[in-house]
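Enquirer: attaching a predicted model along with its sequence, questions to come.
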Amino acid sequence: MSVDVFIEQKKPLKTTLNLTFLQNMCQALGLSYGVPNTAYALSDYDGGQDIGDTTFVLYDPQKIGRGFSFWADESRHDCFVRLNNPATNEDITSFYGCIGYLCRELKTDHFLQDSNETHSVSQIGELAQNITVWNASELLTFIKMDFSIVFGAMYPVAIEQDIIKRLLSLPESKAIDVFASYLHEKQKNDYYYAKASLFEDNETVITLGMYTVTEEVDSIFPLCPYVPFNYGVDFDYPVDEWIVTFVHEKNGDYCVAGRMDFQDFASAYGLPGKPRFDAKHVIIRLSGKEIMKLLEKRTNKK
């Protein structure tokens, strides 16, 4: 479920929604921003001033939850914002704070919510309160439906079973607070989220899946390889082989040191014993020496 809002700039048009506008808005609201990559992990935006056709995730860096989406329409004068539920209370506050800011800057006193509901700026407080109450019940509905992957502002998070049980045991108002604290703890550190790259042959059958490990980089790495969520619709074939590619620094440049089978890497490195990130991932950091030792084991095995 989501809450979708469209804000149309009052004519005559004067403000162009560009990168400077976005940066000023985030600074005024105490928010950070980025763009989701193919694994739905947040990346820096490296585009220019024209932000059209780009979906941004905005979030409170002091209490990182799921954030909310912002994008300009084709005209670059009007915009959309979307809150995915279940969200945290901080997400909801930031979301409606952003709507208020956009209405002021775009000189309009109303906005369209969920396609057919026109609301005035004066209703923002009431709307935020109503959504907060509904959202708390939505969290428990979400958990009961066994949707254990939550797409946070920074990373996708596979919720552990003990957290799921705890959330289900709590009243709605307490559960949403635990949910918010849990997401912030998972996302407050800067990690590289290892995403799968998939390669196919000329018959569009996937034959190879690959993860990359870079020397001395703290990485969120899967315990078992899997096809990412966003690939599910496009790829219906099994992956024949999963490999890990190692990248190390040499003479100031990063280059490929070698590759090995995923399961061989998991066994040789002791992947299951590494610190857990969530139900499906661990945190790893390999030195150049560790990478070379792993590649030597691969060579000796052959």
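Expert: Happy to help now that I have it.
Enquirer: use CA for all of it now, contacts and neighbours both
Expert: Noted.
Enquirer: now the strands for the stretch 51-200 of the chain?
Expert: Using DSSP state E, counting those that start in this stretch, the strands of the stretch 51-200 of the chain run over 56-59, 68-72, 79-84, 110-113, 117-120, 149-151, 156-158, 192-193, 197-200.
Enquirer: closest one to residue 183 among those strands?
Expert: Closest of those to residue 183 is strand 156-158, at 7.9 Å (criterion: C-alpha to C-alpha).
Enquirer: which among the strands of the stretch 51-200 of the chain is found nearest to residue 249?
Expert: In this view, these are compared for proximity to residue 249 by C-alpha to C-alpha, and strand 192-193 is the closest at 16.6 Å.
Enquirer: just to revisit the earlier point, out of the strands of the stretch 51-200 of the chain, which one sits most buried?
Expert: Compared across the strands of the stretch 51-200 of the chain, strand 56-59 shows the largest average neighbour count, a mean of 25 (mean count of other C-alpha atoms under 10 Å).
Enquirer: sheet-wise, list the partners of that strand with their directions.
Expert: Partners of strand 56-59 in the sheet, by DSSP bridges, are strand 32-36 (antiparallel), strand 68-72 (antiparallel).
Enquirer: kindly reformat those strands as TSV containing distance to residue 287 and mean pLDDT.
Expert: Output for these, formatted as TSV (distance: least, C-alpha to C-alpha, whole Å; pLDDT from 0 to 100):
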stretch	distance to residue 287	mean pLDDT
strand 32-36	28	97
strand 68-72	36	97
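Enquirer: distance to residue 164 added to those, as TSV?
Expert: Formatted as TSV, the strands paired with strand 56-59 follow (distance: least, C-alpha to C-alpha, whole Å):
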stretch	distance to residue 164
strand 32-36	25
strand 68-72	23
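Enquirer: any idea which of the ones you listed gets closest to residue 265?
Expert: Between those, strand 32-36 lies closest to residue 265; by C-alpha to C-alpha that is 28.0 Å.
Enquirer: can you give me the helices for the stretch 151-300 of the chain?
Expert: Counting by DSSP state H, counting those that start in this stretch, residue ranges of the helices within the stretch 151-300 of the chain are 161-169, 172-187, 262-269, 288-301.
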